[in-house]
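Q: Model the following, please.
(chains A and B)
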2 protein chains.
Amino acid sequence: MLGDRLLVGVSTDEFNKKKNKKSVNSFEERCEILSSCQYVDGTFPETDWEQKRIDITKYNINIFTMGDDWVGEFDFLADICQVMYLPRTEGISTTFLKNNIATNFSYSIENSFHEKAIEKVIANY
Amino acid sequence: MLGDRLLVGVSTDEFNKKKNKKSVNSFEERCEILSSCQYVDGTFPETDWEQKRIDITKYNINIFTMGDDWVGEFDFLADICQVMYLPRTEGISTTFLKNNIATNFSYSIENSFHEKAIEKVIANY
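A: Coordinates of the predicted model:
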């Protein structure tokens, strides 16, 4: 057991835009999904890169955790809390899931794109 | 409050195949996701169309619910439990989400497909 309370920082849609990222679900939806998880006690918005130190104090955080793809990047917080990098869950990858959906579900979209692309090429040939 | 316990029937991957459906997540993953939801008390596998009557007895179900896109289709169970059709959650659509991912994430896939399709057309022209 790492702690008795789990708070999750959730990037706002505006912050994602700054990071050149776009979530499938809106900020409000992502917070609701996380809060529905029985292992999550609460969420708070992340709007910039610099707020972690403030949040740790504000929410009285003892252990700060990130995935081990970030190893070392948050060691600078170790003066105010414990910093832990957790292993990614084996076999679980958002990129894989999105790719899977994109490949399987966009079949009809691709086909109509193909047809249009082909029509265009023939028209211009 | 509809009841004090929520059990969710989850179609197995084999049953989905029979229905010409394919889930993004495996049966085991879907069960784990649902069980992590604080509103879900348990899941059980669905392997065929005919098992609902048996499950209702087996799990001591008082209220059977389905989305209101199925209105009337399960009225035949009303002799052993209450049958309720719940309104779909407004603004939440798996089809929309999949479409969204397929459109946004498959951009690079589509582009490479386009190029190949166009090359092929030019080669055969």
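Q: And residue A:96, how close does it get to residue B:66?
A: The span separating residue A:96 from residue B:66 equals 31 Å under the rule C-beta to C-beta, to the nearest Å. No exception for glycine: its C-beta is placed from N, CA and C like everyone else's.
Q: out of those two, which sits in the busier spot?
A: When residue A:96 and residue B:66 are compared for neighbours, residue B:66 comes out ahead with 15 against 11, by other C-beta atoms under 10 Å in any protein chain shown.
Q: Name the residues that touch the helix or strand hosting the more buried one?
A: In this structure, residue B:66 sits in strand B:63-67 according to DSSP states H and E. Defining contact as C-beta atoms under 8 Å, 6 or more residues apart in numbering or on different chains, one finds that strand B:63-67 is touched by B:2-3, B:52, B:56, B:73-74, B:77, B:81-88.
Q: from the chain's centre, how far out does it sit?
A: For strand B:63-67, the distance from its own C-alpha centre to the chain's C-alpha centre is 14 Å (C-alpha atoms, centre = their mean, to the nearest Å).
Q: Equivalent analysis for stretch A:36-49, please.
A: A distance of 11 Å separates the C-alpha centroid of stretch A:36-49 from that of its chain, computed with C-alpha atoms, centre = their mean.
Q: can you tell me which of the contacts of strand B:63-67 are in strands?
A: Within the contacts of strand B:63-67, residues falling in strands by DSSP state E are B:82-86.
Q: ok, of the residues you listed, which one's closest to chain A?
A: Distance from chain A was checked for each of these by C-beta to the nearest C-beta. The minimum falls on residue B:86, at 16.6 Å.
Q: wait, isn't residue A:22 in contact with residue B:101?
A: No: at 10.5 Å, residue A:22 does not count as touching residue B:101 under the criterion of C-beta atoms under 8 Å.
Q: Can you pick out the residue with more neighbours from these two?
A: residue B:101 (20 against 11).
Q: three-state assignment of residue A:23?
A: Judged by DSSP: H, G, I helix; E, B strand; the rest coil, the three-state class of residue A:23 is coil.
Q: Can you check the pLDDT for it?
A: Per-residue confidence at residue A:23 stands at 90 (pLDDT).
Q: Could you count how many residues lie near it?
A: Other residues within reach of residue A:23 by the criterion other C-beta under 10 Å amount to 14.
Q: Return the distance of it relative to chain B.
A: When distance is defined by C-beta to the nearest C-beta, to the nearest Å, residue A:23 is 10 Å away from chain B.
Q: ok, now residue A:35?
A: Using C-beta to the nearest C-beta, one obtains 9 Å as the distance from residue A:35 to chain B.
Q: For that residue, I want the exact helix or strand it lies within.
A: For residue A:35, the enclosing helix or strand under DSSP H and E is helix A:27-36.
Q: before we move on, back to that, selecting buried members of the contacts of strand B:63-67 in ChimeraX, what would you type?
A: Only the buried members of those enter the following ChimeraX selection, criterion being 16 or more other C-beta atoms under 10 Å in any protein chain shown:
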select /B:52,56,74,77,81,83,85
